[in-house]
Structure formats: C-alpha cells, structure tokens
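A.B. asks: build me a model from this:
(one chain, ligands or ions: 1)
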Amino acid sequence: MAPIDLRSDTVTRPTEAMQEAMHRAELGDDGREGDPTVRRLEALAAAKVGKQAALYLPSGTMANLCSLLTHTGRGAEVLLERTAHIISYENSGLSLLGGLFYRPIPGTRGAMDVTALEFAFESGLASKQLAPALVCMETTHNTAGGAVLPLDHMAAVARIARQNGAKVHLDGARIFNAAVALDVSADKIAVHADTVCFCVSKALSAPVGSLLCGSSAFIERARHFRRMLGGAMRQSGIVAAAGIVALESMVERLRDDHANARLLAEGFHQIDASLVDPESIETNIVRADISGSGRAARRWVEELAAEGVATSDYGRTQLRFVTHRHIGPAEVEQAVAAVRRVWERASMQPRQRAAG
Ligand SMILES: Cc1ncc(COP(=O)(O)O)c(C=O)c1O
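C.D. replies: Residues are numbered from 1 along each chain as shown. Here you go, the predicted model:
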C-alpha cells in the first residue's frame, strides 16, 4: 500500500475485531447444506435494509449481475442513469452474460432525469421488449463523486417504474455512506427498491463480499444464478464473519470518512478554487478537476505517486480521491500538500493540452 492510498475505500484492511471473528467463525459448506456464519450475515444484512432475505456473494459486480439475471430474462431492457457503475465498470456482463441491453438515461449528480425515464416508457421503447424492463438506481453514486440520491427522487423513480410494470434494483454498494449522510437508517433508502445490493468490502473494511437483498422468493431464485456464476463459495463463513463485524460496528464511523473528504476538498479548494467545490462533497469521494493545471490526469497520478499519494484518474481532467479508515486528518494534510506541489510545478511549466 502506498503511504497514503486514496484510490478507493476497497483498500481498507480488516480490523482486529474482524480478524478475531474470522479466526473463531463457525463454518459449513455454503454450496451444500449451508454455512452458519454466512446465514447469520445474510439475516443481519436483510434486516439492515428491511428486506426478507439476503444472499452473500463475492463482489458487488456479481451481486448486481445476479440481481439483473434474477429480475429479468433475455432481451429485457435495463434502464439506468447513463454514468451508472453497472454501465461503466462491470464489463458489459448484463449484455454478454445476460442477453440484456441497457438504456442510458441522462442524469445530474447520478440522479436520472425522471422526465426522460417517463419518456422511455411512454414512447413504448422500454415496454415492447421481450421481458419486463428493470430500472436501476445507484446510491451513493460512484462517478458522480459519492453523490447521494435524494429520497424523494428515489420515490419518484420507483413510482414511474412500478406504474410501468418494471421492478427496481438499487446498486447500493455504498448504501451505508448514503444512510449516514442522510441521517436515516438504510431501510429508509432501500424501501424505494425491490432489491438492493451493498458491499461490506468497501469503507466498512471487511476483506470480501457483497449482499444481495430482496424478498425470500427472489433470493431463492437468485441462489441458482449465484451458482451459475460460480459465486457459491464453500467455507465462506471465514470472510462472512468479518462482514458481520462490519455491519455491527463500522457504519457510524463512516462519518469520519465524510468529514475527512470534506477537509480534503477544502484543502484543494484553497490551492485553486477550480479544483473542487467543497460544498459538493456529500460522502467519502472527492473528484478534483485538474484541467486548470494544463496537465493530464494520468500524469497527475504518476506525479502524486512519486509524492507518496496514490489516487486514480477519471478521464483526462479528473482525479478521484476516496477517504477511508486508514486516512485521518494528518494524511489529508499530506495529500493536500502533495497536490499543492504538483499544482505549483505544473503552473511554472509551459501549458500542455490536458491530453498531453
Ligand atoms: C457503485 C458501485 N457498484 C458496484 C461496485 C462493484 O463492487 P466490486 O468491486 O465488489 O465488484 C462498485 C465498486 O466500486 C461501485 O462503486
């Protein structure tokens, strides 16, 4: 791990309490009669988001795909905000493996334009397909910089979907960040979706795993797709034990990550106001626009790495910084100082195109 790793909250290591729980976990074979620790995690997960049942899967990507396959059938259309993680980062699993196709809906800060969603149904585009459509939302929204979907927006999307006979899936990989930011329990968010998946492997610090939650009948069907995808693990109670600790004790501390992200954004804003508006930071993701430096994002990543700060580029003009349990105010200060040095070096040199 680089000294200051702000690439993602997935870099978080299991806590001591998690390691202890993993060591002591009661185990079984989750591909056969079941693993008791996995069962406990699934029951806890379902309760947290107010659903009847849950299924433990190796990743958020597989949980989303498993949900899409369970909800739909070949030829079905999936409607998503156009920058959704499912579209951008899940390697077209829905099309290649599911025979599904997606309709990107324009949006703002990850919230799809409800008029455009309504139009997709009204125009008959979405309803004439081979199987009922599915609408997906994402909160917090990754590419929208950790933006939280407003609950009234979620209710409106769910209403439109239901009026048109479509089900709703929520990619809630970071639903607990959204819950903490909104000051509500996660079930108040998940109520606007038939199914929700979330990750314990991100800021909640467990090493592995995501939970897909929904009705008991849905989860029974999803279990078959999990096996088809190769996601039925065996003594997975070892890692599920850490997931239980994550859900029981790691949610409230997400407030610290959000405060540190805000601090980071304020530091960047002081270097140059064009970098980021601190008011836009809702959770633990900070997107900085470095186009004013005249230097490409990829070069920034290299220069910051040389300064001991790991980050990731998004397109040519944006960097993404994600705060998490291993990042405190001291690391924030060092990261801001490193960004300041790179910014000052860039401004002393002749301008290049951001693509350069
Ligand atoms: C919004 C969102 N959904 C799904 C995923 C996929 O999770 P995983 O990396 O566990 O496959 C991520 C990962 O960053 C994400 O940000």
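
A.B. asks: so which residues of the stretch 51-200 of the chain form helices?
C.D. replies: 60-71, 85-88, 93-96, 114-122, 151-163, 175-182, 186-190 (DSSP state H, counting those that start in this stretch).

A.B. asks: for V245, which of these is the nearest?
C.D. replies: Among the helices of the stretch 51-200 of the chain, helix 175-182 comes nearest to V245, with 13.7 Å by CB to CB. C-betas here are computed from N, CA, C, even on glycine.

A.B. asks: ok, which residues in the stretch 1-150 of the chain are in contact with the ligand?
C.D. replies: Neighbours of the ligand within the stretch 1-150 of the chain, by CB under 6 Å from any ligand atom: S59, G60, T61, N64, H85, E138, N142.

A.B. asks: ignore what I typed, I meant the stretch 151-300 of the chain.
C.D. replies: So the stretch 151-300 of the chain meets the ligand at D171, A173, C199, S201, S210 (CB under 6 Å from any ligand atom).

A.B. asks: just name the closest of those to the ligand, please.
C.D. replies: Using CB to the nearest ligand atom, the shortest approach to the ligand within those belongs to A173, at 3.4 Å.

A.B. asks: need the contact list for that closest one.
C.D. replies: G60, H85, E138, N142, C197, F198, C199, K202, S210 (CB atoms under 8 Å, 6 or more residues apart in numbering).

A.B. asks: now the residues you listed in CSV, with distance to A259, pLDDT and neighbour count?
C.D. replies: Shown next, in CSV, are the contacts of A173 (distance: CB to CB, whole Å; pLDDT from 0 to 100; neighbours: other CB atoms under 10 Å):
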residue, distance to A259, pLDDT, neighbour count
G60, 25, 98, 27
H85, 25, 97, 20
E138, 23, 98, 30
N142, 20, 97, 23
C197, 27, 98, 31
F198, 22, 98, 31
C199, 21, 98, 27
K202, 17, 97, 24
S210, 26, 98, 28
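
A.B. asks: name the nearest of the residues you listed relative to the ligand.
C.D. replies: G60 (2.5 Å).

A.B. asks: switch the contacts of A173 over to TSV; also include distance to I327.
C.D. replies: Rendered in TSV, the data for the contacts of A173 read as follows (distance: CB to CB, whole Å):
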residue	distance to I327
G60	21
H85	22
E138	23
N142	18
C197	25
F198	21
C199	18
K202	13
S210	23
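
A.B. asks: what about these, which are in strands?
C.D. replies: E138, C197, F198, C199, S210 (DSSP state E).

A.B. asks: G93: neighbouring residues, count only.
C.D. replies: G93: 18 surrounding residues under other CB atoms under 10 Å.

A.B. asks: now do the spatially most central residue of the chain against M137, distance only.
C.D. replies: The centre of the chain sits closest to A173, judged by CA atoms, centre = their mean, with a distance of 3.6 Å. Taking CB to CB, to the nearest Å as the criterion, A173 is separated from M137 by 12 Å.
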